[in-house]
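Participant: Sequence plus predicted model, see below.
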Amino acid sequence: VAPGEQAGGVDAGREPGGPGAEPAGEPGAARQLGGGAERTGEGARPRLAAAIGPHIRACCFEVGDEVRAAFADHPDARRGRRLDLALIARRALLDAGVDEVADCGRCTHCEPELFFSHRRDGARTGRQAGVAWRS
């Protein structure tokens, strides 16, 4: 997955076909993160783990009224004009049945030596990519 500054998630327990990864930066998309974790049918489901990778964090992610309104059902994720995508993604993953969510805690905007940031650097910037694997 190449999420840019969005909160990308990696689901290491998705079936069939192995692990999956998805960006979650568009309004409403974070609610969909982990949607493949739901299980139906008989038998025990495998334990699911997911990771939230580097993305623009609440310290730097200022949004407009339209995006704030899209996340009205997450009042504690809205901090003034800033939005906490990691909190929203974590909840979506747990609500979808993921058992364990790890978060690297890194902000792409705050760490120019490690990450690209369109908001920080403008259009002349690179892209992040994530990899998911099963071991």
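Facilitator: Structure received.
Participant: and residue 48, how far is that from residue 107?
Facilitator: Per CB to CB, to the nearest Å, residue 48 is found 26 Å from residue 107. The C-beta positions use only the backbone N, C-alpha and C, and glycine is treated the same way.
Participant: and the residue nearest to residue 84 when sequence neighbours are not counted, what does it touch?
Facilitator: By the measure of CB to CB, 6 or more residues apart in numbering, the closest residue to residue 84 outside its immediate chain neighbours is residue 58, 3.9 Å from it. Residue 58 is in contact with 77, 79, 82-87, counting by CB atoms under 8 Å, 6 or more residues apart in numbering.
Participant: swap the cut-off to 10 Å and go again
Facilitator: Residues in contact with residue 58 (CB atoms under 10 Å, 6 or more residues apart in numbering) are 77-80, 82-87, 107.
Participant: Please produce a markdown table containing the residues you listed, extended by secondary structure.
Facilitator: Output for the contacts of residue 58, formatted as a markdown table (DSSP: H, G, I helix; E, B strand; the rest coil):
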| residue | secondary structure |
| --- | --- |
| 77 | helix |
| 78 | strand |
| 79 | strand |
| 80 | coil |
| 82 | strand |
| 83 | strand |
| 84 | coil |
| 85 | helix |
| 86 | helix |
| 87 | helix |
| 107 | strand |
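Participant: closest to residue 101 among those?
Facilitator: residue 86 (9.4 Å; CB to CB).
Participant: I'd guessed that closest one sits against residue 101; true?
Facilitator: Yes - here residue 86 reaches residue 101: they are 9.4 Å apart, a contact under CB atoms under 10 Å.
Participant: and those two? which has more neighbours close in?
Facilitator: Ranked by neighbour count (other CB atoms under 10 Å), residue 86 and residue 101 place residue 86 first, with 25 against 20.
Participant: can you tell me how far the residue nearest to residue 84 sits from residue 81?
Facilitator: Noted for residue 58: a distance of 10 Å to residue 81, by CB to CB.
Participant: next one: residue 119
Facilitator: Going from residue 119 to residue 81 by CB to CB gives 13 Å.
Participant: so what sits against both of the two?
Facilitator: Taking CB under 10 Å, 6+ apart as the criterion, residue 119 and residue 81 both touch 61-62.
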